[in-house]
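Undergrad: Generate a structure from the sequence data that follows.
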Amino acid sequence: MQTPQWQALPAEMRQSVTRLMISLILNHIDGEPVVQREGTDP
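TA: Next comes the predicted model:
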């Protein structure tokens, strides 16, 4: 599967993904559990 080039994504999408990644990283550092989506490997 090819992924789109980051610069080719709309600015709004890049901002949303960046916020999500920051949130996930900070939650991981704080030791909060991450909710696993159904159908994904642990």
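
Undergrad: roughly how far is the helix or strand harbouring Ser16 from the heart of the chain?
TA: Secondary structure assignment for Ser16, by DSSP states H and E: helix 11-30. In terms of CA atoms, centre = their mean, to the nearest Å, the gap separating the centre of helix 11-30 from the centre of its chain is 6 Å.

Undergrad: ditto for stretch 8-26
TA: Average the C-alpha atoms of stretch 8-26, do the same for its chain, and the two points are 7 Å apart (CA atoms, centre = their mean).

Undergrad: and it, which residues are buried?
TA: Within stretch 8-26, no residue qualifies as buried by neighbour count (16 or more other CB atoms under 10 Å). C-beta here means a position set from N, CA and C on the backbone, and glycine is covered the same way.

Undergrad: can I get the CA coordinates of the helix holding Ser16 in PDB?
TA: As requested, C-alpha coordinates have been extracted for helix 11-30 and formatted as PDB (Å, rounded to 0.1, in the frame of the first residue of the first chain):
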ATOM      1  CA  ALA A  11      -3.400  21.400   5.400                       C
ATOM      2  CA  GLU A  12      -6.500  20.600   7.600                       C
ATOM      3  CA  MET A  13      -5.700  16.800   7.400                       C
ATOM      4  CA  ARG A  14      -2.000  17.400   8.200                       C
ATOM      5  CA  GLN A  15      -3.000  19.500  11.300                       C
ATOM      6  CA  SER A  16      -5.500  16.800  12.400                       C
ATOM      7  CA  VAL A  17      -3.000  14.000  12.100                       C
ATOM      8  CA  THR A  18      -0.300  16.100  13.900                       C
ATOM      9  CA  ARG A  19      -2.700  16.700  16.800                       C
ATOM     10  CA  LEU A  20      -3.600  13.000  17.000                       C
ATOM     11  CA  MET A  21       0.000  12.000  17.000                       C
ATOM     12  CA  ILE A  22       0.900  14.500  19.700                       C
ATOM     13  CA  SER A  23      -2.000  13.300  21.800                       C
ATOM     14  CA  LEU A  24      -1.000   9.600  21.400                       C
ATOM     15  CA  ILE A  25       2.600  10.300  22.300                       C
ATOM     16  CA  LEU A  26       1.700  12.400  25.400                       C
ATOM     17  CA  ASN A  27      -0.800   9.800  26.600                       C
ATOM     18  CA  HIS A  28       1.800   7.100  26.200                       C
ATOM     19  CA  ILE A  29       4.300   9.100  28.200                       C
ATOM     20  CA  ASP A  30       1.700   9.600  30.900                       C
END
